[in-house]
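Novice: The following comprises the amino acid sequence and a computationally predicted model.
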Amino acid sequence: MAERPLDDDFSDLLTANAEFARDFRYGGFDGVAKAGVAIVTCMDSRIDPLGMLGLSPGDAKIFRNPGGRVTDAALEALVLGAHLLNVQRVLVVPHTRCAVASSSEEEIAAKVSASAGTDASWHHFHVVDDQRRTLEMDVRKVRSHPLVPAGVKVGGFIYDVDTGLLEHVV
Ligand SMILES: [Zn+2]
């Protein structure tokens, strides 16, 4: 039998959620991207993917991972977005001062090992050597994907976490 989860660990967040739901405004939405936008970006907490583009909940499909990389799972999301969820424009958005673009895999593994108190060197961490070159390759991966329609616009941008500005790279 499944153990009932204790609310204690999450009580502050659940209190905030009850407040959020009190005047819930998104109940009538379907799951399509109202603004026709999909964003692939980093998990970094300094990034507000909707806010930085002047968008609101309901407007965009958002896929996040360390580094904002176009992984197989990101491509799966973009194919679904383009065919079933109204996605017409895709922004791939890594950012300045990203940990996975400024450390080696050994350095990240060493930090995780120190935190975990156990060896993490066996774990694969996807680091980026050359952020711009990687961004170009990631954008090309989306553009050349056979299931991403030719009419879908794909752009690569770098988000500056210190100014909030996007630089259109490719
Ligand atoms: Zn990052």
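Specialist: Happy to help now that I have it. Numbering: from 1, shown residues only.
Novice: This protein: helices as residue ranges?
Specialist: 11-22, 72-84, 99-102, 105-116, 131-143 (DSSP state H).
Novice: got CSV for those, with mean pLDDT and distance to Leu53 too?
Specialist: Where you see a C-beta, it was placed from the backbone N, CA and C, and this is true even at glycine. As requested, those are exported to CSV (pLDDT from 0 to 100; distance: least, CB to CB, whole Å):
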stretch, mean pLDDT, distance to Leu53
helix 11-22, 96, 22
helix 72-84, 98, 15
helix 99-102, 94, 21
helix 105-116, 95, 29
helix 131-143, 98, 17
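Novice: so which of those helices comes closest to the ion?
Specialist: Comparison of those against the ion by CB to the ion identifies helix 99-102 as nearest, at 5.8 Å.
Novice: would you turn the helices of the chain into CSV with distance to the ion and mean neighbour count?
Specialist: Listed next are the helices of the chain as CSV, based on distance: least, CB to the ion, whole Å; neighbours: other CB atoms under 10 Å:
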stretch, distance to the ion, mean neighbour count
helix 11-22, 23, 10
helix 72-84, 14, 17
helix 99-102, 6, 18
helix 105-116, 12, 14
helix 131-143, 10, 18
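Novice: just so I know, which of those helices lies nearest Asp30?
Specialist: When the helices of the chain are compared for distance to Asp30 using CB to CB, the nearest one is helix 72-84, at 10.8 Å.
Novice: Output the contacting helices and strands for that closest one.
Specialist: The elements that helix 72-84 packs onto, with contact taken as 3 or more CB pairs under 8 Å, 6 or more residues apart in numbering; DSSP states H and E, are strand 37-42, strand 60-65, strand 89-93, helix 131-143.
Novice: picking up where we left off before, of the helices of the chain, which approaches Glu167 most closely?
Specialist: Comparing those by their distance to Glu167 (CB to CB), the top pick is helix 131-143, with 9.8 Å.
Novice: Present the helices of the chain as CSV; the columns should include distance to Ile47.
Specialist: Compiled in CSV, the helices of the chain are given as follows (distance: least, CB to CB, whole Å):
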stretch, distance to Ile47
helix 11-22, 20
helix 72-84, 15
helix 99-102, 13
helix 105-116, 19
helix 131-143, 15
